[in-house]
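1. Got a sequence here, can you model it:
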Amino acid sequence: MVIFSEVFMTTTDFMEEQEVFDLLKKKKTAVWRLRKERGFPDPVLTYPSRYSRKAVMKWIEEGGVNRAV
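-> Next up, the predicted model:
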C-alpha cells in the first residue's frame, strides 16, 4: 500500500544544488566525488539538480564523509 504523502514531495523536500554546496561547504566537483566515493545521494531531479533533503540529512547523520561505504 502506498501512502499518499510518500508519493508527492513538496518543494521543501528538495534542496537546490547550491544549498547542498553551502551546507557541505564544498564545490560542485567535491560533491560529485562524494557521490562516487562516499555514498552521497544522487540528485532526484537532474535539471536543475535537486537533492532529496531527507537523503542528504540521513547521509550527514550517518557520518557523512567519515562513514563506511
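2. which element is the residue nearest the centre of the chain on?
-> Closest residue to the average C-alpha location of the chain: Val56 at 3.6 Å, with Cα atoms, centre = their mean. For Val56, the element it lies in under DSSP states H and E is helix 53-61.
3. Can I get that helix in PDB, CA atoms only?
-> Extracted C-alpha coordinates of helix 53-61, given in PDB (Å, rounded to 0.1, in the frame of the first residue of the first chain):
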ATOM      1  CA  ARG A  53      16.600  16.800   1.700                       C
ATOM      2  CA  LYS A  54      15.800  13.700   3.700                       C
ATOM      3  CA  ALA A  55      18.500  11.600   1.900                       C
ATOM      4  CA  VAL A  56      21.100  14.400   2.400                       C
ATOM      5  CA  MET A  57      20.400  14.800   6.100                       C
ATOM      6  CA  LYS A  58      20.400  11.000   6.600                       C
ATOM      7  CA  TRP A  59      23.800  10.800   4.900                       C
ATOM      8  CA  ILE A  60      25.100  13.500   7.200                       C
ATOM      9  CA  GLU A  61      23.600  11.900  10.300                       C
END
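4. What residues sit buried inside it?
-> Arg53, Ala55, Val56, Trp59 (16 or more other Cβ atoms under 10 Å). Any C-beta I mention is one placed from the backbone N, CA and C, and that applies to glycine too.
5. Also stretch 19-39?
-> So for stretch 19-39, counting by 16+ other Cβ under 10 Å, buried means Val20, Leu24, Lys26, Val31, Leu34, Arg38.
6. Please work out which residues outside that stretch touch it.
-> Residues outside stretch 19-39 that contact it (Cβ atoms under 8 Å, 6 or more residues apart in numbering): Met15, Glu17, Phe40, Pro41, Asp42, Tyr51, Val56, Trp59, Gly64, Val65, Arg67, Val69.
7. Ignoring the adjacent residues along the chain, who's closest to the fifth one?
-> What that stands for is Asp42. Spatially, and ignoring its direct neighbours in sequence, Asp42 is nearest to Arg35 (6.0 Å; Cβ to Cβ, 6 or more residues apart in numbering).
8. Beyond the one helix or strand that neighbour maps to, next helix or strand please.
-> Using DSSP H and E, Arg35 sits within helix 28-37. Downstream of helix 28-37, the first helix or strand assigned by DSSP H and E is strand 45-46.
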